[in-house]
Structure formats: C-alpha cells, structure tokens
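*Asks:* sequence? don't have it. structure:
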C-alpha cells in the first residue's frame, strides 16, 4: 500500500506519470477540451470526472517537478 498519495491522483494517472520520461508532456484540461486532438497521434487520455484542474495540477506537481531545461515548462490557455 502506498501512502501520502493525494486523492486527485488515480491509479491510472500514477501509472502514466511513472512511465513518462525526459521530455514527456502532460496536459491537464477540463472535459470539454477534446485532448485527443493535441499532442501525439495516440494520446493517453485519463478521465478524472469530478476533479478540478487546480486540484489535479497541485497533486501532479508533488510527484513531477517542472523541467528546468526548457524555457516554458508550463503553458496556460
């Protein structure tokens, strides 16, 4: 059993975060965004119904620091 994992991090999202490598990107958006049209040809979409973007972002940043090697590690739209 893992401890201290925020409830905003689902098992599916944790798996995706753990499989990301250098240069990996994650997009956190609301349900109306249509994430399938962004990024790679076959994006991994993790639905998090009922969660708010700020909650998810705060939880993700506990496990994945922002990249220091790029000029814009975060883009807000």
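*Replies:* The structure has been received and is ready for your questions. Keep in mind the model is a prediction, meaning the values are calculated, not measured.
*Asks:* separation between the most centrally placed residue in the chain and residue 18?
*Replies:* With distances taken as CA atoms, centre = their mean, the residue of the chain nearest its centroid is residue 26 (4.5 Å). Remark: distance between residue 26 and residue 18 (CB to CB, to the nearest Å) = 12 Å. In this view, the C-beta of every residue, glycine as well, is placed from N, C-alpha and C.
*Asks:* Could you do residue 61 as well?
*Replies:* 15 Å.
*Asks:* same deal with residue 7?
*Replies:* 18 Å.
*Asks:* Same question for residue 58.
*Replies:* 18 Å.
*Asks:* Could you check which of the two has the larger neighbour count?
*Replies:* residue 58 (12 against 9; other CB atoms under 10 Å).
*Asks:* isn't that one right next to residue 9, touching?
*Replies:* No - in this structure, residue 58 is not within contact of residue 9 by CB atoms under 8 Å, at 10.3 Å.
*Asks:* I'd like to know which elements the longest helix along the chain is packed against.
*Replies:* Longest helix of the chain, by residue count under DSSP state H: helix 53-63. Secondary-structure packing of helix 53-63 (3 or more CB pairs under 8 Å, 6 or more residues apart in numbering; DSSP states H and E): helix 11-19.
*Asks:* All set now, cheers.
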